[in-house]
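Participant: model the structure of this input:
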Amino acid sequence: MESVCRYLVRKGRPVSGFLSLSRRREGRILGYDMLDIPSGRSRPYIRLEGEKEWERVGPYFMIPEAVAHARAVVHRCRAGMICVVDEVGPLEMSGGGLWKELQRGLARPGRDWMLVIREAVLSEFREVSGINPRVFDIRNPETPDLLRGVWERE
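Facilitator: I've put the predicted structure just below:
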């Protein structure tokens with residue numbers, strides 16, 4: 001996803017949104033940082049440790065300030081932009097995380113969305129959003145080239 005976003009920016013396509021980059025130590029995932037695509041800045045987003053009152057997904061704590069920033073990033077996606085959200089998962093399908101802002105954004109016309117959607121919630125996403133997205137499997141090594149091709153044709 002990161003290489004596809006860099007490619008789109010190089011091609012002059014207006015890209016907004018964020019990627020979730022894993023933070024590891026000795027092969028173990030400690031959490032994720034949010035990479036704001038337009039600015040190139042990253043910030044802590046999700047961690048294994050956090051405050052009791054923070055929103056949680058599985059063993060991870062969502063850092064409230066980062067979640068607020070992610071919502072603002074989704075909100076600033078404008079018509080004519082490619083809007084990237086990494087990721088839509090069980091938390092969003094339960095109405096938490098970024099779901100409300102994402103749902104509003106998906107309803108606005110003129111935006112192209114590139115969403116990382118957990119396979120486990122893909123059919124639920126289709127049902128809840130009413131959207132039948134084109135799906136590219138990130139495990140397929142050809143996916144970056146396929147995605148670049150989508151944006152070349154549009």
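Participant: which ones are touching the closest residue in space to Val9 that isn't next to it in sequence?
Facilitator: Spatial nearest neighbour of Val9, chain neighbours left out: Val15 (5.5 Å); criterion: C-beta to C-beta, 6 or more residues apart in numbering. Where C-beta positions appear, they are placed from N, C-alpha and C, glycine not excepted. By C-beta atoms under 8 Å, 6 or more residues apart in numbering, the contact set of Val15 is 5, 8-9, 37-38, 81-82, 84.
Participant: and after the longest strand anywhere in the chain, which helix or strand comes next?
Facilitator: When the chain is parsed with DSSP state E, its longest strand is strand 15-25. Using DSSP states H and E, the next helix or strand after strand 15-25 towards the C-terminus is strand 28-36.
Participant: now do that next one and strand 15-25, the angle between them.
Facilitator: 160 degrees (axes from the mean of the first three to the mean of the last three C-alpha atoms, to 10 degrees).
Participant: just the mean pLDDT for strand 28-36, thanks.
Facilitator: Per-region confidence: strand 28-36 scores 95 on mean pLDDT.
Participant: who does that strand pair up with?
Facilitator: strand 15-25 (antiparallel), strand 42-47 (antiparallel) (DSSP bridges).
Participant: chain center to it, what's the gap?
Facilitator: Distance of strand 28-36 from its chain centroid, counting by C-alpha atoms, centre = their mean, to the nearest Å, is 12 Å.
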